[in-house]
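A.B. asks: this one's structure only:
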């Protein structure tokens, strides 16, 4: 998946073809050959998001400890400032029935809890579009 992001691949076919083009370097990843599309599809379907969540928090801690995230002027407050922001993502209601927003329209809302010192998310929660930010704020308490 890291190769997918670095290569900006948009499909399983692009990932497989990109890895196949580097057949001699795939062995460094511990793979005998580049994986097939069906293998990647099965892995993505059965992989939990916990792996990516743990990786994100470990990288966030690393960069915060190294003070590599924010180069601007630091604010001096007694307590840390946290920001709750949300954005609406339009979706097709017939394809995503859980994404209730309005009659005939679907949307998901991404609520992001940011640390103002480095503007990195501490928490992200995705709900249906009609959920208010205060509902998510209560989850944070």
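C.D. replies: Sure thing, it's come through. Predicted model only: the values in this text are computed from it and were never measured. Residues are numbered from 1 along each chain as shown.

A.B. asks: from the contact counts, what lies against whichever helix in the chain runs longest?
C.D. replies: As assigned by DSSP state H, the longest helix anywhere in the chain is helix 50-65. Using 3 or more Cβ pairs under 8 Å, 6 or more residues apart in numbering; DSSP states H and E, the elements in contact with helix 50-65 are strand 120-128. In this view, the C-beta of every residue, glycine as well, is placed from N, C-alpha and C.

A.B. asks: now do the buried residues in the longest helix of the chain.
C.D. replies: residue 60 (16 or more other Cβ atoms under 10 Å).

A.B. asks: again, but for stretch 119-139
C.D. replies: Going by 16+ other Cβ under 10 Å, stretch 119-139 has these buried residues: 120, 125, 127-129, 131, 136.

A.B. asks: span of that stretch from start to end?
C.D. replies: 21 Å (Cα to Cα, to the nearest Å).

A.B. asks: for that stretch, the averaged confidence score.
C.D. replies: Stretch 119-139 shows a mean pLDDT of 85.

A.B. asks: since that was my last question, I'll sign off now.
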